[in-house]
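> Next one to model:
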Amino acid sequence: MASASDTRSQAEDAEARGLLAELRERKPEVTDLLQVRAATPSGVRIIGWNLKEPPIAIEYHAVVTDPAKFAGATLGELRERLANPKRKYGWTVPQLIDRLAQVGVKVALECRENFTEANP
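As a prediction, this is how the structure comes out:
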C-alpha cells in the first residue's frame, strides 16, 4: 500500500514530466526569454513579453524583422542609459520603453530616481 508521501511524490513526478514536455515544446520561446532576461537592466522589470510577428513597423520609419534580437538590443541600450543618466545622446528612457512596447515587451522601472535623472 502506498503512503500519502509516495502518492504525493508520484503526483509531483507526473507534474514535473508534464512541465518538462512543455518546456521542450516551447524551447525557442524559453531560450529567447532567458536571453532577454539576462540582458534586462537592474532596476527594470519585464511585465509583459508578447512579441509581435515580424515585420513590425515602429516609429521613426523602422521595420523590425527579429523582435527578440531588437528587444535584447533595446534592453541593452536601456541598461546603458540607466547606468549613465547624464548621457546627452541616443534614445531617452521613455523612448526606449516605448520602442520595447511597440514590439510587445512591456517594462516597468523599479527605481524612479534613475528615470528622472536620465530625463532632466
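
> can we go C-alpha only for contacts and neighbour counts from here?
OK.

> most residues in a single helix of the chain, which one?
Identified as the longest helix of the chain according to DSSP state H is helix 4-25.

> If you count contacts, what does that helix end up packed against?
The helices and strands touching helix 4-25, judged by 3 or more CA pairs under 8 Å, 6 or more residues apart in numbering; DSSP states H and E, number zero.

> contacts for it?
Here helix 4-25 makes contact (CA atoms under 8 Å, 6 or more residues apart in numbering) with residue 30.

> Who are the packing partners of the following helix or strand past that helix?
Moving toward the C-terminus from helix 4-25, the first helix or strand encountered (DSSP states H and E) is helix 27-39. On a contact count with 3+ CA pairs under 8 Å, 6+ apart, helix 27-39 meets helix 67-83.

> and the helix it packs on, how far out from the chain's middle?
From the chain centre to the centre of helix 67-83 is a distance of 10 Å (CA atoms, centre = their mean, to the nearest Å).

> if we can go back for a sec, could I get the average pLDDT for the longest helix of the chain?
Averaging pLDDT along helix 4-25 yields 83.

> so where is this protein shaky, pLDDT-wise?
1-6, 60, 111-120 (pLDDT under 70).

> thinking again about what came up before, how much does the longest helix of the chain deviate in direction from helix 27-39?
90 degrees (axes from the mean of the first three to the mean of the last three CA atoms, to 10 degrees).

> How many residues are close by residue 92?
19 (other CA atoms under 10 Å).

> Relative to residue 77, how far out is it?
Look at residue 92 and residue 77: by CA to CA, to the nearest Å, they are 10 Å apart.

> One more: residue 15?
From residue 15 over to residue 77 (counting by CA to CA), the distance is 39 Å.

> more neighbours, the two?
The neighbour count for residue 15 versus residue 77, taken as other CA under 10 Å, is higher for residue 77 (20 against 12).

> show me what contacts the more buried one?
Per CA under 8 Å, 6+ apart, neighbours of residue 77: residue 96.

> Then residue 66?
Residue 66 touches 54, 55, counting by CA under 8 Å, 6+ apart.

> Next one: it from residue 86, what distance?
Distance from residue 66 to residue 86, by CA to CA: 30 Å.

> Cheers, nothing more for now.
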